[in-house]
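>>> below are the sequence and a predicted model for it; my questions follow.
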Amino acid sequence: MPQSPPKCPQLTKMLKFCLREFPLAISPCNPTSSSNRTHPMPYNDSLIVDHIKQTHSTDLLSEREKHIIGLAVTMTRGCQVCTRNRVEKARAIGFTDDELNALVAITSAINSGVTAATARVAFGMLEEANAGDCDNVCSANPE
């Protein structure tokens, strides 16, 4: 039976503080994420939109390449609305469902590799934590 990592009161206190002081804001990708909260500032995406327009203005990549990269990123980030919109745009410029399914397969394979590597590192960190004390992981100002 796996053992749970040792309790660290400082880390628990810090996490509770962060969750209380920095609640999740309403995300355009998940508009219901904070349905009972109001965001302290009005949402203004003009900087993001301007950055995306500037990034997309490059002549180094074709429109098809830009679309396929954007679609892979939105799938990896988990934004269903963004992915739906990008699939629609990809189809509009001539991507077939076979091409889109190939992209899904490649993106999934790459993302599963990242997931596995991240998990291996996390388990290694837990083993190190179990071997020693809580040290600076619990510090409010880790070095």
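Now that the structure is in, tell me what you want to look at.
>>> so, low pLDDT: which residues of this protein?
Residues of the chain that meet the criterion pLDDT under 70 lie in 1-42, 132-143.
>>> make it 80
For the chain, residues meeting the criterion pLDDT under 80 lie at 1-45, 52, 55-56, 129-143.
>>> could you point out the longest helix of it?
Counting residues, the longest helix in the chain under DSSP state H turns out to be helix 97-131.
>>> what helix or strand is His51 on?
Mapping His51 onto the secondary structure by DSSP states H and E places it in helix 46-56.
>>> buried sites along that helix?
Burial within helix 46-56, assessed by neighbour count using 16 or more other C-beta atoms under 10 Å, is assigned to no residue. To be clear about C-beta, it is placed using only N, CA and C from the backbone, and glycine gets the same treatment.
>>> and for stretch 96-113?
Applying a neighbour-count criterion of 16+ other C-beta under 10 Å, one finds Leu100, Leu103, Thr107 buried in stretch 96-113.
>>> one more: stretch 78-98?
The neighbour-count criterion (16+ other C-beta under 10 Å) identifies Cys79, Cys82, Thr83, Arg86, Val87, Ala90, Phe95 as the buried residues of stretch 78-98.
>>> name all residues that make contact with the third one.
I take that to be Thr83. Thr83 makes contact with Leu71, Thr74, Met75, according to C-beta atoms under 8 Å, 6 or more residues apart in numbering.
>>> excluding its backbone neighbours, what's nearest the second one?
In this case it means Thr74. Setting aside the residues directly before and after it, Thr74 is nearest to Cys82 in space (C-beta to C-beta, 6 or more residues apart in numbering), at 4.0 Å.
>>> which one of the buried residues of stretch 96-113 is nearest to Tyr43?
If you rank these by distance to Tyr43 using C-beta to C-beta, Thr107 comes first, at 28.3 Å.
>>> in helices only, show me the contacts of Thr83.
Those of those lying in helices (DSSP H): Leu71, Thr74, Met75.
>>> the last one reaches Val104, doesn't it?
Yes. Met75 is in contact with Val104 according to C-beta atoms under 8 Å; the separation is 6.8 Å.
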